[in-house]
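In: Predicted structure and sequence below. I'll ask about it afterward.
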Amino acid sequence: MTVIAIDVGGTGIKSALVDPVSFEVRHAQRHPTRAERGPEALLDNVLHIAAGLAERARTNGLALRAVGVVVPGIVDESRGMAACELGHIVVRPAGRRCRCGRRGCLEAEASARAVAERYAELTGRTATDAEVASRARAGDQLLNPLRQAVDARRTFEVGAALLAAAQIPGAAP
């Protein structure tokens, strides 16, 4: 399984094919943002990058499962355009209550906070999101119920793609 991760920055776009379980970067590339060409051209550029990565995944026999695009901060101050809040995309309509009041938002289902909270609920042990991720990489069997609870394949795949996009090596913090 592979996800496409894209981090759109002010001057550069970092993109990668990433294993959403191990977070192994299978292929990474960088492109100039060229924001001066306007929002439509930027969108075309991102779509072109995603299509190229999808083709690379197919060529290498990798099963592509999701795409995550991260656009932090203001996109174009002169036009008042800001990046969308991806955390409030509903990925599980009957899911957990989100702080925004809706149910099943990506933030409520698969954010770092949600994973740490779910881990504590299921195991009786508290841990930070980084500790949960470290335990998952180490094969901690206590995470099996967490994987099932967070599961909803789509939630995991969308969340993993977004997380991978945010963690591309060299991406801005």
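Out: Nice, thanks for sending it over.
In: CA atoms for contacts and neighbours, from now on please.
Out: Noted.
In: Phi and psi next, for the nearest residue to residue 88 once chain neighbours are set aside.
Out: Counting by C-alpha to C-alpha, 6 or more residues apart in numbering, residue 88 lies nearest to residue 105, which is 4.8 Å off, once chain neighbours are set aside. Dihedral pair for residue 105: phi -60, psi 150, per degrees, to the nearest 10.
In: Does residue 105 touch residue 94 like I think?
Out: No - with contacts counted by C-alpha atoms under 8 Å, residue 105 stays clear of residue 94, the gap being 9.6 Å.
In: Looking at those two, which has the bigger crowd around it?
Out: Ranked by neighbour count (other C-alpha atoms under 10 Å), residue 105 and residue 94 place residue 105 first, with 26 against 11.
In: Which residues are in contact with that one?
Out: 87-93, 95-98 (C-alpha atoms under 8 Å, 6 or more residues apart in numbering).
In: now do residue 94
Out: Counting by C-alpha under 8 Å, 6+ apart, residue 94 touches 103-104.
In: Where does the prediction get shaky in this protein?
Out: 72-86, 142, 144-173 (pLDDT under 70).
In: Flag every buried residue along the longest helix anywhere in it.
Out: Looking across the chain with DSSP state H, the single longest helix is helix 39-59. Buried residues in helix 39-59, counted by 16 or more other C-alpha atoms under 10 Å: 42, 45-46, 49-50, 53-54, 57.
In: which element follows it toward the C-terminus?
Out: strand 64-70 (DSSP states H and E).
In: tell me the angle of that following strand relative to helix 39-59?
Out: 150 degrees (axes from the mean of the first three to the mean of the last three C-alpha atoms, to 10 degrees).
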